[in-house]
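S.K.: Give me the fold of what follows.
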Amino acid sequence: MGKPILVLNNVSIIQDNKQVLSEVNIEINNGEFVYLIGRTGSGKTSLIKSLYADLKLNDGTGSIVDIELNNLEDNEIPFLRRKLGIIFQDFKLFSDRSVAENLKFVLKATGWSDESKINSRIIEVLEKVHIENLINKFTSQLSGGEQQKVAIARALLNNPKLIIADEPTGNLDPKTSIEVMEILMELNKKGNTILMATHDFILIDKFPNRTYICVSGKIAEIDLKNKNINTIYK
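M.R.: Numbers count the residues shown, from 1 in each chain. Below is the predicted model:
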């Protein structure tokens with residue numbers, strides 16, 4: 001593995017004037033696939049929001065993709081987010097636009113202007129998630145799994161140093177969840193670093209990787225081998 005791409009040291013995170021997590025220590029190296037697990041409300045999403053600077057670090061120090069999170073200025077946040085690929089549970093696509101138009105919007109918003117390069121890049125990322133045939137479909141015409149694949153393609157547009165996936169299979173049926181996971185694993189094997197928040201233990205069992213757990217306001221690395229899923233949060 002390469003050098004660390006994400007490091008948090010003794011971090012505390014506050015949301016809505018309430019401390020959600022404290023004494024958080026995480027290190028993820030370039031090229032890794034890492035899970036973040038925990039019950040609903042345990043702090044997974046708050047942690048992820050802190051990584052793309054939607055929430056500020058309250059204590060401790062943190063760096064991600066070679067950018068210091070402490071004292072990050074508001075005008076620096078867009079630069080940080082361009083180095084990340086973020087995948088959400090609810091897709092966050094424009095339903096009144098085609099797949100190509102959704103992706104083109106992101107590229108233009110992040111400084112792309114050459115139409116031929118834009119079109120080439122859109123085709124490239126759609127091929128990576130195996131849905132190039134859907135390029136002209138409106139996203140409202142797509143299944144949930146197809147929409148999530150578009151969202152993954154969108155996350156790849158600017159060659160992110162780290163992909164952050166927040167419950168990417170949460171709205172999908174089991175078969176489609178496996179399809180999405182296979183794409184994420186394929187991307188990881190090709191060099192993409194991925195942090196994925198999930199509560200789907202079937203997927204974790206099928207695609208085992210290093211895992212952190214949010215529980216009781218803390219985060220710890222956990223070895224899930226031979227663990228009883230019903231007792232790991234106790």
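S.K.: CA atoms for contacts and neighbours, from now on please.
M.R.: Noted.
S.K.: residues in contact with the most centrally placed residue in the chain?
M.R.: Among the residues of the chain, the one closest to the centroid is Ile164, at 1.7 Å (Cα atoms, centre = their mean). Ile164 makes contact with 48, 84-87, 194-196, according to Cα atoms under 8 Å, 6 or more residues apart in numbering.
S.K.: Which residues lie in contact with Ile118 in this structure?
M.R.: 104, 107, 112.
S.K.: which helices and strands does the one helix or strand the first one maps to pack with?
M.R.: Lys104 belongs to helix 99-109 when assigned by DSSP states H and E. With contacts defined as 3 or more Cα pairs under 8 Å, 6 or more residues apart in numbering; DSSP states H and E, the secondary structure elements packing on helix 99-109 are helix 115-128, helix 144-156.
S.K.: how distant is the longest one from the center of its chain?
M.R.: Right, the one you point to is helix 115-128. Distance of helix 115-128 from the chain centroid (Cα atoms, centre = their mean, to the nearest Å) equals 21 Å.
S.K.: low pLDDT regions in this protein?
M.R.: Low-confidence segments of the chain, defined by pLDDT under 70: 1-2, 226-234.
S.K.: longest helix of it?
M.R.: The residue-count maximum for a helix in the chain (DSSP state H) belongs to helix 174-189.
S.K.: How about that one, which residues are buried there?
M.R.: Neighbour-count burial for helix 174-189 flags 176-178, 180-181, 183-185, 187-188 (criterion: 16 or more other Cα atoms under 10 Å).
S.K.: what would the residues you listed look like in CSV with distance to Asn71?
M.R.: Formatted as CSV, the buried residues of helix 174-189 follow (distance: Cα to Cα, whole Å):
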residue, distance to Asn71
Thr176, 40
Ser177, 37
Ile178, 39
Val180, 36
Met181, 35
Ile183, 35
Leu184, 32
Met185, 34
Leu187, 32
Asn188, 31
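S.K.: quick one: which of those residues is nearest Gly145?
M.R.: Nearest to Gly145, judged by Cα to Cα, of these is Thr176 at 5.7 Å.
S.K.: what's near enough to touch that closest one?
M.R.: Thr176 sits in contact with Gly145, where contact means Cα under 8 Å, 6+ apart.
S.K.: distance of it from Thr139?
M.R.: Thr176 sits 17 Å away from Thr139, taking Cα to Cα, to the nearest Å as the criterion.
S.K.: nearest residue to Glu221 other than its sequence neighbours?
M.R.: The shortest distance from Glu221 to any non-neighbouring residue, by Cα to Cα, 6 or more residues apart in numbering, is to Tyr212 (4.2 Å).
S.K.: and the one you found, bridged to which residues?
M.R.: Note on Tyr212: beta-bridge partners by DSSP bridges are Leu36, Glu221.
S.K.: Tyr35 is in contact with that one, correct?
M.R.: Yes - judged on Cα atoms under 8 Å, Tyr212 makes contact with Tyr35 at a distance of 6.1 Å.
S.K.: Please narrow the contacts of Ile164 to those residing in strands.
M.R.: With strands taken from DSSP state E, the overlap with the contacts of Ile164 comprises 84-87, 194-196.
S.K.: The residues you listed into TSV, with extra columns for neighbour count and distance to Ser95?
M.R.: Listed next are the ones in strands among the contacts of Ile164 as TSV, based on neighbours: other Cα atoms under 10 Å; distance: Cα to Cα, whole Å:
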residue	neighbour count	distance to Ser95
Leu84	21	23
Gly85	23	20
Ile86	23	18
Ile87	24	16
Ile194	25	26
Leu195	21	27
Met196	21	25
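S.K.: which two from the residues you listed end up farthest apart in space?
M.R.: Pairwise distances among the ones in strands among the contacts of Ile164 were taken by Cα to Cα; the largest, 13.0 Å, belongs to Leu84 and Met196.
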